[in-house]
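>>> sequence and predicted model, in that order:
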Amino acid sequence: MFSLFPANDRQRSLTRRDALKAGTLGSLGAALPFGQPALASNQQTHSATAKRCIYIFLCGGPSQLDMWDLKPDAPDSIRGPFQPIDTNVPGLQIGDLLPMTSQQADKFSIIRSMMHTSTSHDVGIKYTLLADSTTPGPAYPPKRTDHPGMGAIVRSLAGDTGRLPAWVTVPRPFTTGTRFYRGQTGGFLGAAHDPFLLNEAKLDSLADKTFRIDALDTPEAVDTDRFTDRRDLLKSIDGQAESIIASAKSDQIRRQYEKAFNLVASQDVRGAFDLDREPDKLRDRYGRNEYGQSFLLARRLVESGVQYVNVFWTYYGKDGCQFNLWDNHGSDKEVCGGHNRGVDMIRGEYCCPSFDRAYSALLSDLSDRGILDDTLVVVTGEFGRTPKINKNAGRDHWCSCYSSVLAGGGIQGGSIFGASDAQAAYVKESPVRPEDLGATILHAFGFPPEAEIIEPTGRPVRSSPGTPVTELFS
């Protein structure tokens, strides 16, 4: 459950030897290795404004010029066909692709001065998910020596949340083909800090009325008696292992086993993942598609006590083809997703209209439930799009200036931070890099970027190399 590296044989019986291996809780899919480093002590230096975070990653690079930072006075070849519209905040405008979001502008702040130095998807994704634009090495695959992802850092600094996992990824971890990107694991903090993954959620399953989280089910071969027997292993390890049990590391492993069993056994915990408990009208409001229902599931999870939820927005066509819909270059050929002109891709139902519906519903729903004030909602991509429109009526990769949006969690709504130049091509003032965005998330939880997390060697490591954008906070 907590691992990106589940056991291959999920049906075999768990033996005493299995329980002592430095590997997996086999049939339950939870990796619980020995050698897990100790957690850092509480290092808050200021009052937290957020108790939880929903981090929405628009994979592919959403266009700042068409969504958040329009330039109506620029030449036609730059401003494009979309128009700025007023929001519910006087003087603040966003693109007409986001009419419902425009009425929630009092709840969010736009950073219009994001930047880094690579137009490569792989590198930009690495910078963004690891929250560090100085990170060397390849973008994938993740390794245990990696700096932890932000969800793991928050858990390490803030402590565990109880029965529910502290970090959950929906609807699935972010991959491109076989590329599984760094920044989605607990890294050197160990597998106990990995996110809970809904490994079995596929295609449109989140939109189904009878959606189930298969990752919470025991395998068919594990009946109630066998499940109980496996739990009893925690109480009956023989004397050969007594010295291990006495160690602090074993105590950590025991707690992780207990949490894994609780996840499987507790109806209350399973209920946090049950979208059938939501009214049909609200599910419709979010949108009956995987993205809308993922946003709704994220709300249910943070409301139930999950600290950090990643929502990865990518698209799978009915034929199973993965389509990077925010990467709206356009093409002179037929492409997965049904549109081949960039302008039609971004306004296609699976792109901005679905985001507009889901995001506006999320902000409104969190607010109505009284939890937006202490729930940080982050929306970003790995970069933005070129000012100049290409021959296929689309925009290409652009890293020198793009936008991110933050809401709730102490953020001053209805505001803009930073500025781009006349063509949204370069940052005009107050540059913000991925590491600064990461440090801002930590700031919302009450931690400075120099708060320490501990490597397996015992060496303390700064949790973030960035500088928080404190001006965003009210």
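Received the coordinates, thanks. Numbering: from 1, shown residues only.
>>> can you pull out the low-pLDDT segments for the stretch 351-474 of the chain?
By pLDDT under 70, the stretch 351-474 of the chain has no low-scoring segment.
>>> those helices in it, which residues are they?
For the stretch 351-474 of the chain, the helices defined by DSSP state H, counting those that start in this stretch occupy 352-368, 434-444.
>>> now do the buried residues in the first one.
The neighbour-count criterion (16 or more other CB atoms under 10 Å) identifies 352-367 as the buried residues of helix 352-368. Bear in mind the C-beta positions are built from the backbone N, C-alpha and C, glycine included.
>>> who touches that helix?
Under the criterion CB atoms under 8 Å, 6 or more residues apart in numbering, residues 54, 56, 58, 66-67, 97-101, 103-104, 107-108, 282, 285-287, 289, 291-292, 294-296, 298-299, 313, 346-347, 372, 375, 377, 379, 407-408 lie in contact with helix 352-368.
>>> A helix includes Pro125, no?
That one is not Pro; residue 125 is Ile. Yes. Using DSSP: H, G, I helix; E, B strand; the rest coil, the assignment for Ile125 is a helix.
>>> please report the distance of it from Phe57.
Per CB to CB, to the nearest Å, Ile125 is found 9 Å from Phe57.
>>> overlap in contacts of those two?
With CB under 8 Å, 6+ apart, Ile125 and Phe57 have common neighbours Phe174.
>>> those two: who's more crowded?
Ile125 (27 against 21; other CB atoms under 10 Å).
>>> pretty sure the more buried one is touching Ala139, no?
Yes. Between Ile125 and Ala139 there is a contact at 5.9 Å, judged by CB atoms under 8 Å.
>>> shared neighbours, the two?
Contacts common to Ile125 and Ala139, judged by CB under 8 Å, 6+ apart, are Tyr181.
>>> which ones are touching the nearest residue to Gly177 once chain neighbours are set aside?
In space, and not counting its chain neighbours, Gly177 is closest to Gln322: 7.1 Å by CB to CB, 6 or more residues apart in numbering. Contacts for Gln322 (CB under 8 Å, 6+ apart) come out as Thr176, Gly177, Thr314, Tyr315, Tyr316, Cys336.
>>> before we move on, the earlier item: format the helices of the stretch 351-474 of the chain as TSV; extra columns: distance to Arg182.
Shown next, in TSV, are the helices of the stretch 351-474 of the chain (distance: least, CB to CB, whole Å):
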stretch	distance to Arg182
helix 352-368	25
helix 434-444	13
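>>> out of these, flag the one nearest Ser400.
helix 434-444 (13.6 Å; CB to CB).
>>> helices and strands around the closest one, which ones?
strand 52-58, strand 108-114, helix 150-158, strand 375-380 (3 or more CB pairs under 8 Å, 6 or more residues apart in numbering; DSSP states H and E).
>>> Phe417 is nearest to which of the ones you listed?
strand 108-114 (4.9 Å).
>>> what's the closest one packed up against?
strand 402-407, strand 415-417, strand 419-420, strand 427-429, helix 434-444.
>>> tell me which of those lies nearest to Ala131.
Evaluated over those, closeness to Ala131 peaks at helix 434-444, with 2.7 Å, by CB to CB.
>>> now do that closest one: distance to the chain's middle.
When C-alpha coordinates are averaged (CA atoms, centre = their mean, to the nearest Å), helix 434-444 and its chain have centres 14 Å apart.
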